[in-house]
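# Dropping the sequence and predicted coords here.
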Protein chains: 2
Amino acid sequence: MSNRLPTLAVVGATGAVGTVMLGILSERENVWGEIRLIASARSAGRKLTVRGEEVEVQALAPEVFDGVDVAMFDVPDEVSKEWAPIAAARGAVAVDNSGAFRMDDDVPLVVPEVNADQVRNRPRGIISNPNCTTLSMIVALGALHRAYGLTNLVVSSYQAASGAGQEGIDTLHDQIAKVAADRTLGSTAGDVRAAVGELGPFPAPLAMNVVPWAGSLKDDGWSSEELKVRNESRKILGLPDLKVSATCVRVPVITTHSLTVHATFASEVDAEAARELLAASPGVEVQDDPANGEYPTPADVVGTDPTWVGRIRRSIDDPNSLDLFLCGDNLRKGAALNTAQIAEVVAREFTG
Amino acid sequence: MSNRLPTLAVVGATGAVGTVMLGILSERENVWGEIRLIASARSAGRKLTVRGEEVEVQALAPEVFDGVDVAMFDVPDEVSKEWAPIAAARGAVAVDNSGAFRMDDDVPLVVPEVNADQVRNRPRGIISNPNCTTLSMIVALGALHRAYGLTNLVVSSYQAASGAGQEGIDTLHDQIAKVAADRTLGSTAGDVRAAVGELGPFPAPLAMNVVPWAGSLKDDGWSSEELKVRNESRKILGLPDLKVSATCVRVPVITTHSLTVHATFASEVDAEAARELLAASPGVEVQDDPANGEYPTPADVVGTDPTWVGRIRRSIDDPNSLDLFLCGDNLRKGAALNTAQIAEVVAREFTG
């Protein structure tokens, strides 16, 4: 234990997740000495505010990691793949929010509320942060698994535009502005498509629509996003035989992913007991009183930290299954917040 | 067989479904003699066009059913409950699109592609049309059931605003116009709620949001819409022990419901065989080539008749399960079209 405040680097500080990260670092208890902001060369020299101070953005280069204890990466897969090992080689612990290392056996995939102990198991000096869709449910499912023993998950997502970055946010705002001008839209095949203009990062119009696709095409018709939900859930929960079926769908929401989950357990479940257990779980908020219109919706929880859970029901035809509706801010717990939480677990190694 | 063209009454001719019905009656092969349009007293005297002719709307009264062979009801539950038996007592076969009679043992619940034979089993002179959410999937599931033997369904809905009638459509257009004015919306809890103004028939903002609620509260936290999906699927498919879990969620789409379905069967399934079987099934269109961006979305299929099926995958961890994404126009097959199809089956009793 060196008992000093460690140095943090934020790589990708100017992106959609990086922007949220600077806010989170400013809000949370300060465990960091110096904070360096890193981005691509074209953003170098910009000044951004973190912890109330202006910090100049530096261009990504090997030297910027000298003296860095923890380096967070909020960048595309290919950038992480190249640069996280460079940061690690220079002595930093890399906490990576890309998909580059998540399924690497020598890289732990960490959600502090579920498997914080895995942080020290990092032979490559790299720790991975899960995908935002997995993160929108896994804290709540981890708590239920510890009580009942999870065996089977059926997941459907209602994923926000910001999962596709700032371009996703901008595209949805643009499309909403275009469809707002014509109150006849939405009743004839193709009228919305003709009105929205640019599709941006989405494969179909997102305003006034839902799109059953996120990520890239993998074997047998599965999307990469759907396989991430399956494979990452198994790894985080330590359940290599967990049965998972996910269908990922993009919806016209700016930020905050929602999920429906049909979770089956080894033992019989009780909705009220599950409600109490979730309400007592760190990182989870239960909002479940439909008689009074109480259930989470993305517009009402965006910008908050917890995983919100509502519509908790025991399946009518299976006493071992629960049906749930969950919401989580995909830029916060789904990305920046969980990365910050992992980094804080590492920071405690320095401060004792 | 009287071998004459039967007389049809359309009750609720001025509503959201009634308006679509007049279009459908104008498009389909004409099997009707006189068509009478019926609505509440305040709409009486209005002139609407059907089959290219102007017809004056009559006020709902017992006498309007005299001489009517088939009376379609697209009205709220309480109106159907009172008036469908009156129509039946005056000699009409009532085809009812409300929830009033669907689970009545003496009223068949009919989807012509699945159980047309049930039309004659109508001791009360009433035939029910299923709920729009059930109808968005049941033609495709009926075809798969006949091949593989359905045992278990997990359904999540992405339901359109028009499921809540014309008020739902108007409310969503109003809300979209309001949120379009401010490109900062959607990143702070409550900002969308403050911007949208009136919630109309929805319990939370629908623009830039998804709302995990449709219908009224039933036992153990289930919504009426979710129980309809379970109970109606069992009745239509003739599977009283089918295990069903549904979570119904409203999305900011004007018209066309989408569903994800995880369907488990008694025997092993094959995605390509299922694709071929569905493609050959009447009333079903397969759109499933994600390598070329081909999957159904509500904006691209609204206004069409079929149940659209895409994202057909065999579950990775269960060879007896399929994962699907379906879209169906909730005002057409989900309401008016199926009602018209049932009425046409009855009409053949008159024309031989």
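Nice, I can see it.

# Residue A:37: what secondary structure?
Using DSSP: H, G, I helix; E, B strand; the rest coil, the structure places residue A:37 in strand.

# Just grab the bridge partners of it for me.
residue A:10 (DSSP bridges).

# measure it to chain B for me?
Distance of residue A:37 to chain B, given as C-beta to the nearest C-beta, to the nearest Å: 21 Å. To be clear about C-beta, it is placed using only N, CA and C from the backbone, and glycine gets the same treatment.

# for the closest residue to chain B within the stretch 201-350 of chain A, what are its contacts?
Nearest residue of the stretch 201-350 of chain A to chain B, counting by C-beta to the nearest C-beta: residue A:254, 2.8 Å away. For residue A:254, the contacting residues are A:160, A:161, A:162, A:169, A:172, A:173, A:302, B:185, B:186, B:187, B:208, by C-beta atoms under 8 Å, 6 or more residues apart in numbering or on different chains.

# same thing but 6 Å
Shown here is residue A:254, whose contacts under the criterion C-beta atoms under 6 Å, 6 or more residues apart in numbering or on different chains are A:161, A:162, A:169, B:186.

# Report the secondary structure state of the second one.
The one in question is residue A:162. Secondary structure assignment for residue A:162 (three-state DSSP): helix.

# The one 4 residues further on too?
Assigned with three-state DSSP, residue A:166 falls in the helix class.

# Tell me which residue of the stretch 51-200 of chain A lies closest to chain B.
Closest point on the stretch 51-200 of chain A to chain B, by C-beta to the nearest C-beta, is residue A:186, at 2.8 Å.

# Can you check the pLDDT for that residue?
Per-residue pLDDT puts residue A:186 at 96.

# Could you pull up phi and psi at it?
phi 100, psi 10 (degrees, to the nearest 10).

# That one: what's it in contact with?
Here residue A:186 is in contact with A:192, A:208, B:254 (C-beta under 6 Å, 6+ apart).

# Relative to residue A:214, which of the contacts of residue A:254 is nearest.
Closest approach to residue A:214 among the contacts of residue A:254 (C-beta to C-beta): residue A:161, at 10.7 Å.

# which residues touch the closest one?
Residue A:161 neighbours (C-beta under 6 Å, 6+ apart): A:168, A:169, A:172, A:254.

# One more: residue A:14?
Applying C-beta under 6 Å, 6+ apart, the residues near residue A:14 are A:39, A:43.

# Secondary structure element for it, which one?
Under DSSP states H and E, no helix or strand contains residue A:14.

# Of the contacts of residue A:161 - the most surrounded one?
Within the contacts of residue A:161, most neighbours by other C-beta atoms under 10 Å in any protein chain shown means residue A:172, with 29 neighbours.

# that's a strand at that residue, yeah?
No: Residue A:172: not assigned to a strand; according to three-state DSSP it is helix.

# Just the pLDDT for it.
At residue A:172, the model reports a pLDDT of 98.

# Quick check: it touching residue A:206?
Yes: with contacts counted by C-beta atoms under 6 Å, residue A:172 reaches residue A:206, the gap being 5.4 Å.

# Now the common contact residues for these two.
What both residue A:172 and residue A:206 touch, as defined by C-beta under 6 Å, 6+ apart, is the set residue A:252.

# Residue A:155: what secondary structure?
strand.

# And it, how far from residue B:246?
Taking C-beta to C-beta, to the nearest Å as the measure, residue A:155 falls 15 Å from residue B:246.

# for residue A:61, same thing?
53 Å.

# Just the pLDDT for residue A:4.
pLDDT, read off for residue A:4, is 84.

# Tally up the residues packed near the residue nearest to it when sequence neighbours are not counted, please.
Excluding the flanking residues, the one nearest residue A:4 by C-beta to C-beta, 6 or more residues apart in numbering or on different chains is residue A:350, at 6.3 Å. Using other C-beta under 10 Å, the number of residues around residue A:350 comes to 19.

# Then residue A:334?
Counted with other C-beta under 10 Å, residues neighbouring residue A:334 total 29.

# so it sits in a helix?
Yes: checked against three-state DSSP, residue A:334 lies within a helix.

# Let me know whether it touches residue A:134 as I believe.
No: counting by C-beta under 6 Å, residue A:334 does not reach residue A:134; the two are 8.6 Å apart.

# Get me the contact residues on the stretch 1-150 of chain A for chain B.
By the rule C-beta under 6 Å from any C-beta of the partner chain, no part of the stretch 1-150 of chain A lies against chain B.

# Look through the stretch 1-150 of chain A and state the residue closest to chain B.
residue A:20 (9.1 Å).

# Now name the helix or strand holding that residue.
helix A:16-27.

# Just the buried residues of that helix, please?
A:16, A:17, A:18, A:19, A:20, A:21, A:22, A:23, A:24, A:25 (16 or more other C-beta atoms under 10 Å in any protein chain shown).

# Quick one, grab the pLDDT at the fourth one.
Each residue has a pLDDT score; the one for residue A:19 is 92.

# Please report how far it lies from residue A:100.
21 Å.

# Sticking with residue A:264, tell me its helix or strand.
Going by DSSP H and E, residue A:264 is part of strand A:257-265.

# List of residues touching that strand?
Contacts of strand A:257-265 (C-beta under 6 Å, 6+ apart): A:133, A:136-137, A:148-160, A:298, A:320-328, A:330, B:154, B:156, B:210, B:245, B:247.

# Send me that strand as PDB with only the CA atoms.
C-alpha atoms of strand A:257-265 as PDB (Å, rounded to 0.1, in the frame of the first residue of the first chain):
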ATOM      1  CA  HIS A 257     -32.000   1.000 -21.600                       C
ATOM      2  CA  SER A 258     -35.100  -1.000 -20.500                       C
ATOM      3  CA  LEU A 259     -35.400  -4.800 -20.400                       C
ATOM      4  CA  THR A 260     -38.000  -7.400 -19.800                       C
ATOM      5  CA  VAL A 261     -36.600 -10.400 -18.100                       C
ATOM      6  CA  HIS A 262     -38.200 -13.800 -17.600                       C
ATOM      7  CA  ALA A 263     -35.900 -15.400 -15.000                       C
ATOM      8  CA  THR A 264     -36.200 -19.100 -14.000                       C
ATOM      9  CA  PHE A 265     -34.600 -20.300 -10.800                       C
END
